[in-house]
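Asks: the following comprises the amino acid sequence and a computationally predicted model.
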Amino acid sequence: MNVRLYIWQRGTAALMAPLVLIHLAVMFYATRQGLTAHDILGRTRGSIAWAMFYGTFVVAAAIHASIGIRNILVEWLPVRDRAAAFLSSGLGILLILLGARAVFAVVFA
Amino acid sequence: MSAPPRPYRRNALWIAAMVHRVSGIGLALFLPLHFLALGLSLQGAARLDSFLRWTDIPLIKLAEGGLVFLLGVHFLGGLRVLFVENFDWRVNQFRVATAAGGAAAMLAFAFLIRVL
Amino acid sequence: MPQADNASLTVSIWRGGQDGNFETYSVPNRQNQTVLDVVTHVQRHIDPTLSYRFACRVGMCGSCGMTVNGRPRWTCRTHVSKVAKDGKLQIAPLSNLPVIKDLAADMQPFFEKWQKAGGVFEPSKSRAEPVEPIRPNEPQRIAADEGIECINCGVCYAGCDTVRWNDDYLGPAALNRAWTLMNDRRDSAQKPRLAAVAANGGCHACHTHQSCQEYCPQSLNPTGSISLLKRLATKAYLKGELKP
């Protein structure tokens, strides 16, 4: 962990703090009568606001998680710094791709 | 023959950091599944619905309650760290960490009451 | 002479190097004795081959750090009555450091990291110039005051899990020292020092377990110093003054 990774990780954490609160609120709201696709997609389809919200969330979570996993790999596994960077970047890219696909699926599909 | 003993795991805040780390790993493992599930709606709302019906059993709901706990405890524990690092707030941290864990547990319990 | 009471202490002491083992000794249980007194008793009266390190016996030199009942402590200022459990003591060398023999840990990595963190004062003036006055009420002087009573005992280093997990981590003592020097305006090496503590293994590796703060026998707060270094480095990086 150096200053650059630190700023990205803590920065995304601070960014996600309000997003998590909204996400939790939506979670409680959405489960009032069980989850249905109609309900979920009714909220999100065609909504630029939700696309921005979830898009930001996905990118921030991907960066945050990949730096966190990188630190854990370095500290807990006999993995060199470069290998840890490679593996965690892979995780970050995977999360961004899957997340972008999910946002696209619930907003535009 | 053994190595000298190690004095760690005695500090309460070590446990808080460990909870933070383990919950983070849990969330990182869950996220791809979460995204894949939502991606099912690419094949139409009916496909997503059949998946949501499959998840409508108490066992899955329990697991969802666990995920709410992970998110809640990682969120509150992370806020705690941000405060410690940026606002010189380093007293009574064990109580703060315990309160964070308790609040996350209550949140998860409230979620379970709602969905079970 | 301190009074001896009836019971004796059962003391397990680490013997040998990294692959050693505990050996048990019976030591008189006196009303008023320190852990260092117990170790000294074993060496003087039971086994003269026991190796350990101490100098001042009054909490100034920082050389008698050991692991007592699983927790790093300065043994010369640790009373047996406060730490013995059911008349038992377990004494081992400081952890997170190589064992030389018995209770003597090798402090070399500790001091190497001290240097690596820029722990050496680099003067900005020669002896020909007048001494720079620093007032006790200057904010930087007050900030440095919080951290300058470190005696280099290694207790925080031995109690830190981040040190255990991360070979590169400079550790609480070295970073605390770096923080005090970052507040010394007579010092000329602030830029390389900040770069050193902002690199991999520097202050940002700290997880804020706050063990150092809990264990420090001088009641210093390395966690606090490290947090302030994190902020200092973050600001410098955002201003483009720091390239990791």
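Replies: Cool, got the structure.
Asks: from now on I want contacts and neighbour counts done on CA atoms only, so please keep to that.
Replies: Fine.
Asks: secondary structure element for the residue sitting furthest away from the middle of chain A?
Replies: Distance from the C-alpha centroid of chain A, by Cα atoms, centre = their mean, peaks at residue A:78 (26.9 Å). For residue A:78, there is no enclosing helix or strand under DSSP states H and E.
Asks: so what pLDDT did it get?
Replies: Residue A:78 carries a pLDDT value of 87.
Asks: for residue C:23, see how far away it is.
Replies: Separation of residue A:78 from residue C:23 (Cα to Cα, to the nearest Å): 33 Å.
Asks: kindly report the same for residue B:44.
Replies: From residue B:44 across to residue C:23, the span is 71 Å (Cα to Cα).
Asks: distance between the ends of stretch B:33-51?
Replies: Taking Cα to Cα as the measure, stretch B:33-51 stretches 12 Å from start to finish.
Asks: buried residues in it, which are they?
Replies: Using 16 or more other Cα atoms under 10 Å in any protein chain shown as the test for burial, stretch B:33-51 gives B:35, B:38, B:39, B:40, B:41, B:42, B:45, B:48, B:49, B:51.
Asks: and the nearest residue to the second one once chain neighbours are set aside, what pLDDT?
Replies: Translated: residue B:38. Among residues not flanking residue B:38 along the chain, residue A:102 sits closest, at 5.3 Å (Cα to Cα, 6 or more residues apart in numbering or on different chains). For residue A:102, the pLDDT comes out at 96.
Asks: for the helix or strand bottoming out on mean pLDDT in chain A, what is the distance to the chain centroid?
Replies: Least confident helix or strand, chain A: helix A:37-44 with a mean of 88, by mean pLDDT, DSSP states H and E. Remark: helix A:37-44 is offset 20 Å from the chain centroid, using Cα atoms, centre = their mean, to the nearest Å.
Asks: and chain C, which residues reach chain A?
Replies: With Cα under 8 Å from any Cα of the partner chain as the criterion, chain C meets chain A at residues C:162, C:165-166, C:198-205, C:230, C:233-234, C:237, C:244.
Asks: show the buried residues in those.
Replies: Buried by 16+ other Cα under 10 Å: C:162, C:166, C:198-205, C:230, C:233-234, C:237, out of those.
Asks: how many other residues sit next to residue C:62?
Replies: Neighbours of residue C:62 under the rule other Cα atoms under 10 Å in any protein chain shown: 22.
Asks: quick one: residues contacting it.
Replies: Listed by Cα atoms under 8 Å, 6 or more residues apart in numbering or on different chains, the contact set of residue C:62 reads C:54, C:74, C:151, C:152, C:153, C:154.
Asks: let's see it at 6 Å
Replies: C:151, C:152, C:153 (Cα atoms under 6 Å, 6 or more residues apart in numbering or on different chains).
Asks: picking up where we left off before, switch the buried residues of stretch B:33-51 over to JSON lines; also include secondary structure, pLDDT and distance to residue C:28.
Replies: As requested, those are exported to JSON lines (DSSP: H, G, I helix; E, B strand; the rest coil; pLDDT from 0 to 100; distance: Cα to Cα, whole Å):
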{"residue": "B:35", "secondary structure": "helix", "pLDDT": "96", "distance to residue C:28": "66"}
{"residue": "B:38", "secondary structure": "helix", "pLDDT": "92", "distance to residue C:28": "70"}
{"residue": "B:39", "secondary structure": "helix", "pLDDT": "93", "distance to residue C:28": "72"}
{"residue": "B:40", "secondary structure": "helix", "pLDDT": "92", "distance to residue C:28": "74"}
{"residue": "B:41", "secondary structure": "helix", "pLDDT": "88", "distance to residue C:28": "76"}
{"residue": "B:42", "secondary structure": "helix", "pLDDT": "90", "distance to residue C:28": "78"}
{"residue": "B:45", "secondary structure": "helix", "pLDDT": "87", "distance to residue C:28": "79"}
{"residue": "B:48", "secondary structure": "helix", "pLDDT": "90", "distance to residue C:28": "75"}
{"residue": "B:49", "secondary structure": "helix", "pLDDT": "89", "distance to residue C:28": "75"}
{"residue": "B:51", "secondary structure": "helix", "pLDDT": "91", "distance to residue C:28": "72"}
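Asks: out of those residues, the closest to residue A:59 would be?
Replies: Closest approach between the buried residues of stretch B:33-51 and residue A:59, by Cα to Cα: residue B:35, at 12.6 Å.
Asks: helices along the chain, start to end?
Replies: Since you didn't name a chain, this refers to chain A. Using DSSP state H, the helices found in chain A span residues A:3-30, A:37-44, A:48-76, A:81-107.
Asks: other chain: chain B
Replies: B:12-39, B:45-54, B:58-87, B:93-115.
Asks: report whether the strand or helix carrying residue C:91 contacts chain B.
Replies: Element membership of residue C:91 [criterion: DSSP H and E] is strand C:88-92. No. Using Cα under 6 Å from any Cα of the partner chain, strand C:88-92 stays clear of chain B, with a minimum separation of 6.5 Å.
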